[in-house]
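[1] take this sequence and fold it.
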Amino acid sequence: MKNFALPIRFGIVLGALLISFFLVLSLFGLHTHPAYSIGNSIIVGFGIYETIRYYKLEQSNAFSYSGGFTVGIVAGFLATLMFTVFFLLYTTEINSDFLLNLLSVFKGDYNVSVGLVTFVVAIMGFATTVVLTLTCMQLFKKSRNIPPT
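    Residues are numbered from 1 along each chain as shown. Below you'll find the predicted structure:
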């Protein structure tokens, strides 16, 4: 459990930041515009980067690619789960018109349920986490390049 304390801590903070960003957007009526979801990627990317960086500082010479990848994935997946649960509660309990407003942005008549949209939010979060963790690990991995002679 001690190995997962760091990514759990960062994952909870990341989840809270994602929820806060969504609520700030909703104050201005911008939460139905899909273009603002790039903000989620920026928040998650920064959080994963900081999680791996902090882990590397803790591990020093014992830092490994798999260890850094694991802490990034755990932090991102936890944040995604927290945001997905919040999104489901927001869509069903807080603002029941949200789904209609969100789908009105797109042209066409879509007949989708809250469950499907929530599933898509979760899948997008998990995919973003994997891609950003792999990207961040390129910055932190030990290089095996042979120095020029």
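
[2] which ones are touching Met137?
    Applying Cβ atoms under 8 Å, 6 or more residues apart in numbering, we find Met137 in contact with Ile52, Tyr65, Gly68, Phe69, Gly72. C-beta here means a position set from N, CA and C on the backbone, and glycine is covered the same way.

[3] and the buried ones among those, selectable in ChimeraX?
    The ChimeraX command for the buried members of those (criterion: 16 or more other Cβ atoms under 10 Å) is given here:
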select :52,68,69,72
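
[4] export the contacts of Met137 to JSON lines and tack on secondary structure, pLDDT and distance to Leu30?
    Below are the contacts of Met137 laid out as JSON lines (DSSP: H, G, I helix; E, B strand; the rest coil; pLDDT from 0 to 100; distance: Cβ to Cβ, whole Å):
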{"residue": "Ile52", "secondary structure": "helix", "pLDDT": "92", "distance to Leu30": "30"}
{"residue": "Tyr65", "secondary structure": "helix", "pLDDT": "85", "distance to Leu30": "38"}
{"residue": "Gly68", "secondary structure": "helix", "pLDDT": "88", "distance to Leu30": "34"}
{"residue": "Phe69", "secondary structure": "helix", "pLDDT": "91", "distance to Leu30": "34"}
{"residue": "Gly72", "secondary structure": "helix", "pLDDT": "93", "distance to Leu30": "29"}
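
[5] turn the contacts of Met137 into TSV, including distance to Thr32.
    TSV is the format used below for the contacts of Met137 (distance: Cβ to Cβ, whole Å):
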residue	distance to Thr32
Ile52	33
Tyr65	40
Gly68	36
Phe69	34
Gly72	30
